[in-house]
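Asker: What shape does this take:
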Amino acid sequence: MEALKQLLKDLGSDAKLAAEYEKDPDGVMEKRGIPDEAREAMKRKDVDAVRRLSGLRDVHLINSTIHAHD
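Answerer: Okay, here's the model as predicted:
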């Protein structure tokens, strides 16, 4: 899921996007084309599912938002 992978990286590096995500996670994920299964995992803050779905190993829950770093 390339869209999820990119969103996670962007949340880790773009403070404006992270703030927008905090206010409206569904809106951000919809704009980014995140599939339903990944949206649900993100909303549940299910780090293991997000890792599996994104293919990223370096995924973290920080300040109640899941993100990744390059």
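Asker: residue ranges with poor pLDDT in this protein?
Answerer: Low-confidence segments of the chain, defined by pLDDT under 70: 62-64, 67, 69-70.
Asker: Which residues belonging to the longest helix belonging to it are considered buried?
Answerer: Secondary structure of the chain read by DSSP state H shows that its longest helix is helix 2-13. For helix 2-13, the neighbour count (16 or more other CB atoms under 10 Å) marks L4, K5, L7, L8, K9, D10, L11, G12 as buried. Just so you know, the C-beta spots here come from the backbone N, C-alpha and C atoms, and that holds for glycine as well.
Asker: At which residues are the strands of this protein located?
Answerer: Remark: strands assigned in the chain by DSSP state E are 59-62, 65-68.
Asker: Which one of the ones you listed lies nearest to A38?
Answerer: Closest to A38 of the strands of the chain, according to CB to CB: strand 65-68, at 10.4 Å.
Asker: what lines up beside that closest one in the sheet?
Answerer: Sheet pairing of strand 65-68 (DSSP bridges) gives strand 59-62 (antiparallel).
Asker: Give me the nearest residue to the spatially most central residue of the chain, chain neighbours excluded.
Answerer: Centroid-nearest residue in the chain, with CA atoms, centre = their mean: L8, separated by 4.1 Å. Closest residue in space to L8, ignoring its immediate chain neighbours: A68 at 4.0 Å, by CB to CB, 6 or more residues apart in numbering.
Asker: Now for that neighbour: which residues touch it?
Answerer: The contact partners of A68, taken as CB atoms under 8 Å, 6 or more residues apart in numbering, are K5, L8, K9, L11, G12, S54, L56, D58, V59, H60.
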